[in-house]
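**Student:** Compute the structure for the input listed below.
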Amino acid sequence: MELRGQRADVELVRGVLRPGQRPEVFETRVSPWSVAGHDLAAQFAIGLAVSDVRPSWDTETEEAAVRLWLATDDATSWAVVDHDGRQTETFRAQFGPRRLWDEVAAAWQRWDAQARPTVDRFGVTVTPDGSSFWLDSPG
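**Tutor:** Predicted coordinates for the structure are as follows:
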């Protein structure tokens with residue numbers, strides 16, 4: 001896992017969308033605040049499940065009141081979720097070989113289905129061959 005200072009310098013808001021990209025557009029019922037809001041346990045669980053992805057909030061967009069950008073560190077895949085400030089429905093667009101919003105939404109749904117475990121319930125095992133994360137049983 002890279003430290004923040006080791007990550008590629010990707011400016012999500014303006015540097016990810018490139019000419020000629022034709023994003024897929026879908027509707028979603030998973031709120032952008034659910035996956036990247038103030039719930040640190042959700043962010044932690046999603047971060048373990050979805051690697052090499054950086055989130056960024058944009059409130060200075062003409063198309064939406066709030067926009068959540070997700071992009072891979074190499075900027076080959078991205079996703080965006082907009083909220084217009086009036087409706088509770090959101091829409092998403094994604095591009096690239098990875099379907100980032102699908103990955104993030106699935107990770108959030110797994111975390112939610114596990115009764116939203118807190119950060120202290122996760123652990124890591126490190127061996128010479130690599131590392132793996134685990135979740136303890138509720139006690």
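**Student:** The residue nearest the centre of the chain: which element?
**Tutor:** Central residue of the chain (C-alpha atoms, centre = their mean): Val104, 4.9 Å from the mean position. Using DSSP states H and E, Val104 sits in helix 100-113.
**Student:** in its sheet, what does the helix or strand hosting Val124 sit against?
**Tutor:** In this assignment (DSSP H and E), Val124 forms part of strand 122-127. Note on strand 122-127: by DSSP bridges, its sheet partners are strand 130-135 (antiparallel).
**Student:** now the partner strand, how far from the centre of its chain.
**Tutor:** 20 Å (C-alpha atoms, centre = their mean, to the nearest Å).
**Student:** what sits up against that strand?
**Tutor:** Strand 130-135 has contacts (C-beta atoms under 8 Å, 6 or more residues apart in numbering) with 48, 114, 117, 121-125. For every residue, glycine as well, the C-beta is placed using N, CA and C.
**Student:** Give me the buried entries from these.
**Tutor:** The neighbour-count test (16 or more other C-beta atoms under 10 Å) marks 48, 117, 121 as buried among these.
**Student:** where does the second one fall, helix, sheet strand or coil?
**Tutor:** Reduced to three states with DSSP: H, G, I helix; E, B strand; the rest coil, the structure at Pro117 is coil.
**Student:** since we're on the closest residue to it other than its chain neighbours, how many residues are nearby?
**Tutor:** Leaving aside its chain neighbours, Pro117 sits nearest to Leu135 (5.9 Å; criterion: C-beta to C-beta, 6 or more residues apart in numbering). Neighbour count of Leu135, defined by other C-beta atoms under 10 Å: 14.
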